Structure formats: structure tokens, C-alpha cells
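**Q** Pasted the sequence and its predicted model underneath.
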Amino acid sequence: ADNLASFLFPPAWRRAFHLPDWFLAIVDHPVAAPIKRFAPVGLALSLFFLVVGAKWATVDRFGSDIPNWDQWDAEGLELLAPWFEQDHFLEHLFTPHNEHRIVLTKLQNLAVTLFAGQWDSRLECMLNAGLHAALALAFWFAGRRWLEARWHAPLFVTLAALFGLPIACQNILGGFHSQQYWLLGLSFAALVLLPFARPWTAKWFVGALAAALALLTMGSGFFAAAIVFAIVALRLLRRDVVLREAWPTLALALAVVAIGWWTRIEVDYHQPHKAQNARDFFFTIVHSLQWPVPWDFASSAAVILWLPWIIVAWRAVRPTGGTDPRRAQTIAAFGAWVLLQVLATAYARGAGGEYPASRYMDTLSFGMAAYALALGWLLSRPAGDAAAASASPPAPARAVARLVRRGLVAARAVAGAGVLAWGLRG
């Protein structure tokens, strides 16, 4: 994975495209050893600045330093005015905005205002770009660890497209929308760290802090804790962990869920935006899950896009012999978290069964990143299966069945990647 040539030109790609030996010899020459040593860092920095640069270009072309929409009341009246007038600042800081307590967004934008000496929405957008790029980087590092090297380059391109393109233009151009990025990033950290960390270790405390801080992002901030509880409960039922090691995480996750549930906010003036019937609720879900397929296309595309995740989720519950289920469980947790977000959005903003608003697209991009990990994980051969295959070759019937399964997975990969690329092309 650390070999630059293996990343840029995996062996399968070399054979497919018939790359000349002299070209590959240059890339693999000992003189290039220092470059190879720092290749992972260079690729990570490339992805980060590619996403940041793309978002900054969008802000430069279409952004404004004038506050927009909800910023005037939630940020101007409930943050900056109380701070500068010294008028019960902490009370205003935790005052809900609609259904959400956006404490982290308020603190971030207050810091930007104090640093810049003025209220500048464009500067807030530029900082938000770094938050979202950091999440792309987290997905990239996860993919490097979980997928075979030949899938690193496709994952790199996919993440650059999902996080760099102006898909969720409201979040890119609205300095007030950092709560979306805080929610995504903190939920990612909680889902990766908390379910598998030993209690009272540094990793466990970081995951616990992420799960707790997610409550200060949006009303759905406790969803990550709910998924963590489900994963740890599953591991306990499967006897992958003993109760002595599981109960602190279970208790913490349950406490975060309870706090999030009992402190949730309902506002009367948003009642017309809720799903008014089962049809509204259902079609809002379908329209969200079919993204990024064009809206006038068949809604059955949702099945194609989410089928790899469904298979990974099944393997997370029923892993094959000899394989470590933690990677599948984490990927399944990503998708399950997105599904919870989609269900909540369909309930709270599902009137008419319309397609999701732009500000929800980053959550759906998170789901497509999970889809990419699921697809790459399915196409990567687990170490346990490889060892079992080398130890005891399968019988002919078993070999045929395995060949058919791999063919089906490959067909799903081609179909899913085609649908994703087609949807993102516009």
C-alpha cells in the first residue's frame, strides 16, 4: 500500500492497459524511494487541498460576505449581540435554533468573527471547507487500511468527487452550515473509535467525547450513539467481547441517546414541513436513497446503490469463518447512520414526498462514501479467506459457487459504479 507504483498502477491495471516496462521501471527505481516513503502523506495532502481548493473556488465564484437566511437571527441575535453586549451569553449560546442546538457552529463563528474583526460569512465558508476536507481524509485513511491497494486510486477519485464537487451548495456557500460538517465528522469519529476501543483508554475517551459533542451539532446528533450501542450489543451477543468490557460503552451510548431524546426540540411552525402521510414519508426516503441518480430516473436505482452495503451489513452480522468482522461492522455502521438521518429527514421535512434539499446532500455523500468502502471491501479478498483457501483448496462445486459469487459481486460493482458516475456527471 505504501508503494507509489502499486497505488498509481496496480498489477491488474498494468496487465489491462499494457503499461511499458520502462515506464514502470522509472517509477520503481531506487532513486524514487524517498518519494515512495512519503507517498501516503503526499496523497493525503493532495486529497485535502483538492477538496478545499474546489470549495474555495465555489465560494470565490458564488459566495458573499453578507450573512444569509438563518444567520441573521441564530448568529446575529443569538450569538454576536449577546457576546458584545454581555447579555447572558451562555443562555443564548445554548438557545435552540429550530430543532437544533448548534453550539459548536456558534462557537466556531464567534471565533472567526473575533479573529477577523468583522462578521464575514465568506471567511466562515472557507473554514468550513477544511472541516469537510478533513472528513474526506478520514474516509481515505480508513480505505487505505481496509481495502486492497488496487482499490485505493478509485477510492481517491470517488472521495474527491463526493467531497469536492459543489453538490451541497447551501452548505458550501453558507457560513452558518458548519453544523452539517460537525455532525458528520463527530459521528464518523464515534462510529470508528467507540465500538471497538477498550474502556477507559485514550481511544475510548476520544470516541466518547465525539459522541457527546455530536449532541451540540444538530437534533440528530445522538444517532451515532444509537448505532454504537447496536454494534456493541451485537458484539456482546456474538461473544466477540465480554460484558466486563462492553458495559461502559453500552452505558455511555445509552446515556447519550437518552439525553438527545429527552432534550429534543419540536417547533410548531415546522409542522407543515413534516410528512403528512405514509406516501410522503416513503417517497422522501426513496428519493434520498436514489441519489445521485438524476431525479427523473427510476427510483429502483436506490436498490443498486445500496445493495453492496446490504451485503456488508449481512456479513457484519454473520461473518464468514476466519474473517475479522470489525471492518464490515464499521462500514455497516456508516450506512446505518445515514439511513437513520434519512428517516429523520423524511419525518421532519417530508411534506409532499419531494427530493432532498441541497443542505442534506453532504449526508447522502457520506452514504455514497460508505457505499464505496463497502464495494471495495467486497472486492478485496479478506486475509482469512485467503489463508483458508491456501490451506484447503475448495471442492469443484464449492469453487464454482465461489466463482459465481465473485461474478455477481463484480457485476454489482460495475452497475453501482456506473450509476454513481452517471449521477455525478451533472
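**A** It's in. Residues are numbered from 1 along each chain as shown.
**Q** quick check: mean pLDDT across stretch 265-284?
**A** Across stretch 265-284, the average pLDDT comes to 91.
**Q** For the stretch 151-300 of the chain, which segments are assigned as strands?
**A** Counting by DSSP state E, counting those that start in this stretch, one finds no strands in the stretch 151-300 of the chain.
**Q** Flag the shaky bits of it, pLDDT-wise.
**A** Applying pLDDT under 70 to the stretch 151-300 of the chain picks out residues 294-299.
**Q** now the helices: where do they sit in it?
**A** All helices of the stretch 151-300 of the chain, identified by DSSP state H, counting those that start in this stretch, fall at 152-164, 169-173, 178-193, 202-213, 223-237, 243-262, 278-289.
**Q** can I get these in CSV with distance to residue 342?
**A** All C-beta spots, glycine's among them, are computed from the backbone N, C-alpha and C. Formatted as CSV, the helices of the stretch 151-300 of the chain follow (distance: least, CB to CB, whole Å):
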stretch, distance to residue 342
helix 152-164, 17
helix 169-173, 17
helix 178-193, 14
helix 202-213, 20
helix 223-237, 11
helix 243-262, 18
helix 278-289, 5
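**Q** most tightly surrounded among those?
**A** For those, average neighbour numbers computed from mean count of other CB atoms under 10 Å are highest in helix 178-193, which has a mean of 25.
**Q** Show me what that helix is packed up against.
**A** The contact analysis (3 or more CB pairs under 8 Å, 6 or more residues apart in numbering; DSSP states H and E) places helix 178-193 against helix 103-116, helix 121-146, helix 202-213, helix 223-237, helix 326-348, helix 361-379.
**Q** re earlier: for residue 63, find the nearest of the helices of the stretch 151-300 of the chain.
**A** Across the helices of the stretch 151-300 of the chain, residue 63 has its closest neighbour in helix 169-173 (5.2 Å, CB to CB).
**Q** Which one, of the helices of the stretch 151-300 of the chain, ends up nearest to residue 46?
**A** Proximity to residue 46 (CB to CB) singles out helix 152-164 among the helices of the stretch 151-300 of the chain, at 8.3 Å.
**Q** so how far is that closest one off the chain centroid?
**A** Here helix 152-164 is found 12 Å from its chain centre; the criterion is CA atoms, centre = their mean, to the nearest Å.
**Q** again, but for stretch 122-138
**A** For stretch 122-138 - counting by CA atoms, centre = their mean - the centre lies 14 Å from the chain centre.
**Q** closest one to residue 79 among the helices of the stretch 151-300 of the chain?
**A** That would be helix 178-193 among those, by CB to CB, at 12.8 Å.
**Q** quick check: angle from the closest one to helix 243-262?
**A** 160 degrees (axes from the mean of the first three to the mean of the last three CA atoms, to 10 degrees).
**Q** Please tell me how far the closest residue in space to residue 50 that isn't next to it in sequence sits from residue 268.
**A** Leaving aside its chain neighbours, residue 50 sits nearest to residue 160 (5.4 Å; criterion: CB to CB, 6 or more residues apart in numbering). Distance of residue 160 to residue 268, computed by CB to CB, to the nearest Å: 43 Å.
**Q** Could you do residue 307 as well?
**A** The gap separating residue 307 from residue 268 is 40 Å, by CB to CB.
**Q** who's more crowded, those two?
**A** residue 307 (18 against 6; other CB atoms under 10 Å).
**Q** Find the helix or strand that that one is a member of.
**A** If you go by DSSP states H and E, residue 307 is part of helix 301-317.
**Q** Can you give me the buried ones in that helix?
**A** Buried residues in helix 301-317, counting neighbours by 16 or more other CB atoms under 10 Å, are found at 301-302, 304-309, 311-313, 315-316.
**Q** Take the residues you listed and lay them out in TSV including distance to residue 336 and pLDDT.
**A** As requested, the buried residues of helix 301-317 are exported to TSV (distance: CB to CB, whole Å; pLDDT from 0 to 100):
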residue	distance to residue 336	pLDDT
301	20	78
302	16	83
304	19	83
305	15	86
306	11	91
307	15	90
308	14	91
309	9	94
311	14	93
312	11	94
313	7	94
315	14	92
316	9	92
